[in-house]
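K.L.:
Sequence first, then the predicted structure, then my questions.
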Amino acid sequence: MDSTKETSNTYKEDLLLRMGLNDNKAGMEGLDKEKINKIIMGATKGSRFYGNELKKEKQVNQRIENMMQQKARITSQQLREAQLQVDRFAMELEHCRDLSNTIVHVDMDAFYAAVEMRDNPELKDKPIAVGSMSMLSTSNYHARRFGVRAAMPGFIAKRLCPHLIIVPLNFDKYRVVSKQVGICLAPTSICSWVSCRIRSQLQMPRQDWPEERRRYFIKTGNSKTTSELTTYLTSIEYELSASPLLFEDSPPDLQPPGNPSQVNCKEQNKLQIPQKSVVFGTSAEEVVKEIRFRIEQKTTLTASAGIAPNTMLAKVCSDKNKPNGQYQILPSRQAVMEFIKDLPIRKISGIGKVTEKMLKALGIITCAELYQQRALLSLLFSETSWHYFLHISLGLGSTHLARDGERKSMSVERTFNEINKAEDQYSLCQELCSEIAQDLQKEGLKGRTVTVKLKNVNFEVKTRASTVSSVVSTEEEIFAIAKELLRTEIDVFGYLVFLVKQTKNTNKGASLASYRLGTKLCQPLGVQERRLIKISV
């Protein structure tokens, strides 16, 4: 009896870890995890989601049990041989270590939420999230202090923060801002403000740029001569904007000098207008400050950045001084290893809650401990996995930045109340087919294969596909196929997720792109029964 009770308590503790707060995200440090986890557990207990998470947790525990049994069978001889093998591989990796690149990872701060706060200043000092009661896409830093974060159902977030304001998603608005950010990140954008008289010097190394080429002027909202100054600065192609000041705890690295400079405008009727300016240096750190400054001036939003010798480290660094900050790892092995040694494994992309739990069962919490246990990991995990762990433990990552290839997918996601009638599900399917048809039309694409992905309230998934002889792209063509696939399963499966997948048709017949129309209707995490529709193409 006691054993059964102990096992039950263990499962509950494990489930709490699985469903509980992941405080590795920026803005969530130092929170009362125990209190937050109890609220999360109370909001989900008894739901189908809770049952499904419990089932998955049992599966993970079984994997860990099998792993520990395998570990117990490992002999000292096997461990010594593995150590030699792994060390040889580690030496090969060290020989290939490349510290010649400077990789920058720029990450907008609470992007969706920041856009909403910018457009509605009344939200600035309030905890807000963007999404719906069913699922949140992001939250601002005020909300994160309550444990509210992305990928959390809104009704749970409301339990954590009763005065939370949930703002609906507005992707059209975010796309516009995203394009503006892209302009600031374009290879030539840093030089786009340069006046005509020095455009011929664009090929000059940055170290040789004169100071005026690295100077930006900042508009002040209370200036009585703003219009005159704007006219002047526009004529020499400087960018102007108001500073956003969305985050009170922003680092001061982008603040302009205390004494405003005098602008001598002989060509503009000899106006002398006091105006703040900022001059950026020539180092990598200064270049990144300039990029972030340009983003701020262009969009009135802030970005954080990581500077490192490879992509893996740059991404981790971009989270280090959020919001509105940056962090750099100098290009030396010593600096890399010093940074990586105490870094929690969950901070690394590719290590999720399942892998984290399996590694913790082996006593591995930091990246340095990955290296200490490298031989054991090579015997317990697949070659791909332990190779990746070794790369992480040595602070190694990709130094190759591949350009965006042909677009592979599109997606639309929506939540709604429970739908029981078949005709309502068909109607919803047709609505999504209409949306995907519009997306295909915009891209000038057609497809031959329609795939319907189905998920019931118990999270069981099925996939059905149909390939046709002629290409399809219109709502009617896609819906005719999707409806037939849906009809064959709807009576058995009930609440569904459907997905339309299309292959691109080109004149050359060589290039392929997949398009998926997915509609999720699944059991929510608690009080209100809802269904999720997802269209991924």
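P.N.:
Arrived safely. Numbers count the residues shown, from 1 in each chain.

K.L.:
Trp386 touches Gln373, doesn't it?
P.N.:
No: look at Trp386 against Gln373 with C-beta atoms under 8 Å: they stay out of range, at 9.9 Å. Using the backbone N, CA and C atoms, a C-beta is placed for each residue, glycine as well.

K.L.:
Looking at the two, which is more packed in?
P.N.:
Trp386 (22 against 18; other C-beta atoms under 10 Å).

K.L.:
May I have the secondary structure class of that one?
P.N.:
Recorded secondary structure, Trp386: helix (DSSP: H, G, I helix; E, B strand; the rest coil).

K.L.:
if I look at it, how far off is Ala303?
P.N.:
Distance, Trp386 to Ala303, using C-beta to C-beta, to the nearest Å: 35 Å.

K.L.:
likewise Lys56?
P.N.:
On the measure of C-beta to C-beta, Lys56 and Ala303 end up 35 Å apart.

K.L.:
Looking only at neighbour counts, state which of those two leads.
P.N.:
Applying other C-beta under 10 Å to Lys56 and Ala303 shows that Ala303 carries more neighbours, namely 27 against 14.

K.L.:
List the residues that contact that one.
P.N.:
When contacts are counted by C-beta atoms under 8 Å, 6 or more residues apart in numbering, Ala303 is found next to Val106, Asp107, Met108, Asp109, Val181, Ile291, Arg292, Ile295, Glu296, Asn324.

K.L.:
Take the residues you listed and keep only those in helices.
P.N.:
Secondary structure from DSSP state H places Val181, Ile291, Arg292, Ile295, Glu296 of the contacts of Ala303 in helices.

K.L.:
can you redo these as a markdown table with pLDDT?
P.N.:
Listed next are the ones in helices among the contacts of Ala303 as a markdown table, based on pLDDT from 0 to 100:
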| residue | pLDDT |
| --- | --- |
| Val181 | 93 |
| Ile291 | 91 |
| Arg292 | 93 |
| Ile295 | 93 |
| Glu296 | 92 |
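
K.L.:
Show me which of those is closest to Glu484.
P.N.:
Val181 (42.8 Å; C-beta to C-beta).

K.L.:
Hmm, the closest one is touching Asp109, no?
P.N.:
No: the criterion here is C-beta under 8 Å, and Val181 misses it with Asp109 at 11.7 Å.

K.L.:
Point out where the chain drops to low pLDDT.
P.N.:
Within the chain, the segments meeting pLDDT under 70 span 1-23, 187-208, 212-213, 219-275, 403-405, 407-419, 456-457, 490-537.

K.L.:
quick check: longest helix of it.
P.N.:
The chain, longest helix under DSSP H: helix 48-72.

K.L.:
Now that helix: buried residues?
P.N.:
Arg48, Phe49, Tyr50, Asn52, Glu53, Leu54, Glu57, Val60, Asn61, Ile64 (16 or more other C-beta atoms under 10 Å).

K.L.:
same question, stretch 459-472
P.N.:
Neighbour-count burial for stretch 459-472 [16+ other C-beta under 10 Å]: Phe459, Arg464, Val472.

K.L.:
In JSON lines: those, plus secondary structure.
P.N.:
Below are those laid out as JSON lines (three-state DSSP):
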{"residue": "Phe459", "secondary structure": "coil"}
{"residue": "Arg464", "secondary structure": "strand"}
{"residue": "Val472", "secondary structure": "strand"}
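
K.L.:
Tell me which helix or strand comes right after the helix or strand containing Ala465.
P.N.:
Following DSSP states H and E, one finds Ala465 within strand 461-472. Sequence order places helix 475-493 as the next helix or strand after strand 461-472, per DSSP H and E.

K.L.:
what helices or strands is that next one leaning on?
P.N.:
Helices and strands touching helix 475-493, by 3 or more C-beta pairs under 8 Å, 6 or more residues apart in numbering; DSSP states H and E, are helix 422-443, strand 447-455, strand 461-472, strand 498-503.

K.L.:
Pick the most deeply packed of those.
P.N.:
Most buried of the helices and strands packed on helix 475-493, by mean neighbour count (mean count of other C-beta atoms under 10 Å): strand 498-503, with a mean of 26.

K.L.:
distance of the closest residue in space to Val450 that isn't next to it in sequence from Lys421?
P.N.:
In space, and not counting its chain neighbours, Val450 is closest to Ile481: 4.1 Å by C-beta to C-beta, 6 or more residues apart in numbering. Separation of Ile481 from Lys421 (C-beta to C-beta): 22 Å.

K.L.:
which of the two has more neighbours?
P.N.:
When Ile481 and Lys421 are compared for neighbours, Ile481 comes out ahead with 21 against 8, by other C-beta under 10 Å.

K.L.:
Cheers, nothing more for now.
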